[in-house]
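*Asks:* pasted the sequence and its predicted model underneath.
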Amino acid sequence: MPQPKRKLTVLGATGSIGVSTLDVIGHLGGADAFEVVALTGMGNVALLAEQAKSVNARLAVTADESRHAELKERLAGTGIETAAGASALVEAAERPTDWLMAGIVGVAGLAPTLAGAKQGATVALANKECLVSAGHLLIDAVAQAGGTLLPVDSEHNAIFQVLDRTQPDAVERIILTASGGPFRDKSVAEMRNVTPAQAAAHPNWSMGLKISIDSASLFNKALEMIEADRLFGAPGRELEVVIHPQSVIHSMVGYRDGSVLAQLGSPDMRTAIGYALGWPERPALPVERLDFAKLARLDFRAPDEKRFPALRLAREAIAHGGLAGAVLNGAKEAALESFIAGRIGFLRIAEVVEAAMERLLPELPGKFGIDEVYAADRAARRAAEDVMG
Ligand SMILES: NC(=O)C1=CN([C@@H]2O[C@H](COP(=O)(O)OP(=O)(O)OC[C@H]3O[C@@H](n4cnc5c(N)ncnc54)[C@H](OP(=O)(O)O)[C@@H]3O)[C@@H](O)[C@H]2O)C=CC1
Ligand SMILES: CC(=O)[C@@H](O)[C@H](O)COP(=O)(O)O
Ligand SMILES: [Mn+2]
């Protein structure tokens, strides 16, 4: 009897993570090995349609209702179902699947990712904004449904790989590495007038526009600190960030005997995605192997929080707990969109987030559910807009 194929859904299939995920799926057998339940995208319906055909997906969904007619036309006669809009994304994520990639960017990914978690799928989590904004709601949803949450963000995937879960008390430090981004060595004055294109030019990783710019402001690392706190935080465990310009060590865990375990690899997300798809096994992948003699050296230095205030704001959000992450992220998303649109300068991003946090943190409810998360996100965007004028 042939084994039933493993069912997969990819949210955000047309993005950087989504394209890498489909590449990994292709290397591991594609439509012969997997049944692709659903693929989702937003504006890039041409790519979405091509992807859906290439893996013989059951359903293709665009988040943008105005693009549905085009998607339908591109998939006419293929038998692939189509749908559009925010609720269609959630319905796609609710369709029974074994494995779901959460690869939508921003808090827009929260509702479909939660829906996937609630049906008990293994959730491969690239979208960090879910954990930052909704705290333990996602982790609890996975646990209640009997599913598994596998971090895909390279740092958290690295920590997951080297964390000895049989000895939680032996872990004393979680060390996130940060490339420092394209402005690692720039002064505040030099960063004042940088353009979105300069900010998006990541030195090591090829990624979507928003995460690339977040790496430049170190807000990516700020989000990752909160993400790490949600995933691996425990009393007595320190959370550190170290600048490591080569992005070869993806993160580290320090133990009470002085050992530090690190995961290394080329800056290629297919390793983390493949790990999450194959877990607990490691599939063979055509990722460039590290050549240590060629690398010759690995560098480290402390982050400069005067030039990059994002890390300090992340620590404040972690210390405050609850919905502070939703406020930091909502304000950051609003400020980032304004920077991309040319409405504010690069340095204003951190100023806007700090002002929104100062305004909103004192009045946040301690207990929260999903409605309060969205309310905090909306309030943060309003406060950010207000500060930006
Ligand atoms: N790229 C990377 O290497 C890494 C990314 N991550 C995280 O993974 C997530 C995805 O990042 P990345 O792939 O770079 O992002 P991209 O911008 O490249 O892709 C985003 C995906 O989400 C879709 N999308 C955009 N807006 C919406 C929306 N409002 N509703 C539904 N779908 C939407 C896009 O559709 P379309 O393109 O069709 O418009 C696309 O499929 C982010 O949370 C990021 O922080 C984490 C670690 C590494
Ligand atoms: C690939 C990945 O996980 C990104 O989040 C990457 O780590 C960004 O790099 P920096 O934020 O360290 O510049
Ligand atoms: Mn990362």
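*Replies:* Happy to help now that I have it. Numbers count the residues shown, from 1 in each chain. Ligands and ions are numbered 1, 2, ... in the order given.

*Asks:* ok, is stretch 162-180 in contact with ligand 3 or not?
*Replies:* No. Using C-beta under 5 Å from the ion, stretch 162-180 stays clear of ligand 3, with a minimum separation of 8.4 Å. The way it works is simple: take the backbone N, C-alpha and C, and place the C-beta from them, glycine included.

*Asks:* that stretch close to ligand 1?
*Replies:* No. Using C-beta under 6 Å from any ligand atom, we find that stretch 162-180 stays clear of ligand 1, coming within 11.9 Å at best.

*Asks:* any buried residues in stretch 296-310, and which?
*Replies:* Neighbour counts over stretch 296-310 (16 or more other C-beta atoms under 10 Å) mark 303, 307-310 as buried.

*Asks:* I'd like the residues you listed written out as CSV, with distance to L290 and secondary structure added.
*Replies:* Formatted as CSV, these follow (distance: C-beta to C-beta, whole Å; DSSP: H, G, I helix; E, B strand; the rest coil):
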residue, distance to L290, secondary structure
P303, 24, coil
R307, 30, coil
F308, 28, coil
P309, 33, coil
A310, 29, helix
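
*Asks:* pull the host helix or strand of D140 out as PDB, backbone CA atoms only.
*Replies:* Using DSSP states H and E, D140 falls within helix 136-145. What follows is helix 136-145 as a C-alpha-only set of coordinates in PDB (Å, rounded to 0.1, in the frame of the first residue of the first chain):
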ATOM      1  CA  HIS A 136       1.700  32.900  24.400                       C
ATOM      2  CA  LEU A 137      -1.600  32.800  22.600                       C
ATOM      3  CA  LEU A 138       0.100  31.100  19.600                       C
ATOM      4  CA  ILE A 139       2.200  28.700  21.800                       C
ATOM      5  CA  ASP A 140      -0.900  27.800  23.800                       C
ATOM      6  CA  ALA A 141      -3.000  27.200  20.700                       C
ATOM      7  CA  VAL A 142      -0.400  24.800  19.300                       C
ATOM      8  CA  ALA A 143      -0.200  23.000  22.700                       C
ATOM      9  CA  GLN A 144      -4.000  22.700  23.000                       C
ATOM     10  CA  ALA A 145      -4.300  21.300  19.500                       C
END
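
*Asks:* now it: mean pLDDT?
*Replies:* Helix 136-145 carries an average pLDDT of 97.

*Asks:* from the chain's centroid, how far away is that helix?
*Replies:* On the basis of C-alpha atoms, centre = their mean, to the nearest Å, helix 136-145 sits 17 Å off its chain's mean C-alpha point.

*Asks:* next one: stretch 149-165
*Replies:* Using C-alpha atoms, centre = their mean, the offset of stretch 149-165 from its chain centre is 13 Å.

*Asks:* tell me how far the ends of that stretch are from each other?
*Replies:* Stretch 149-165 has an end-to-end distance of 14 Å (criterion: C-alpha to C-alpha, to the nearest Å).

*Asks:* can you tell if that stretch touches ligand 2?
*Replies:* Yes. Applying C-beta under 6 Å from any ligand atom, one finds stretch 149-165 in contact with ligand 2 at 153-155.

*Asks:* could you check the pLDDT of the nearest residue to I340 once chain neighbours are set aside?
*Replies:* What sits nearest to I340 in space, not counting adjacent residues and going by C-beta to C-beta, 6 or more residues apart in numbering, is P196, at 5.0 Å. On the pLDDT scale, P196 is placed at 98.

*Asks:* same deal with Q3?
*Replies:* 81.

*Asks:* contacts for the host helix or strand of R315 next, please.
*Replies:* Secondary structure from DSSP H and E places R315 in helix 310-320. Helix 310-320 is contacted from outside by 217-219, 221-223, 225-226, 229, 233, 239, 241, 303, 305, 324-325, 327-328, 350, 353-354, 357, 361, 364, using C-beta atoms under 8 Å, 6 or more residues apart in numbering.

*Asks:* run a quick neighbour tally on the residue in the stretch 151-300 of the chain that ligand 1 sits nearest to.
*Replies:* Per C-beta to the nearest ligand atom, G208 is where the stretch 151-300 of the chain lies closest to ligand 1, at 2.6 Å. For G208, the neighbour count with other C-beta atoms under 10 Å is 17.

*Asks:* surely it meets G15?
*Replies:* Yes. Here G208 reaches G15: they are 5.4 Å apart, a contact under C-beta atoms under 8 Å.

*Asks:* quick one: common contacting residues for these two?
*Replies:* When contacts are counted by C-beta under 8 Å, 6+ apart, G208 and G15 are jointly contacted by V105.

*Asks:* who are the contact partners of the closest residue to L89 other than its chain neighbours?
*Replies:* Spatial nearest neighbour of L89, excluding adjacent residues (C-beta to C-beta, 6+ apart): P112 at 4.4 Å. Going by C-beta under 8 Å, 6+ apart, P112 touches 11, 40, 89-90, 92-93, 102, 104.

*Asks:* kindly report the same for A124.
*Replies:* Counted by C-beta under 8 Å, 6+ apart, A124 has contacts 21, 99-102, 150, 152, 273, 276-277.

*Asks:* assign V61 to helix, strand or coil.
*Replies:* Following DSSP: H, G, I helix; E, B strand; the rest coil, V61 is assigned to strand.

*Asks:* fine, thanks again, bye for now.
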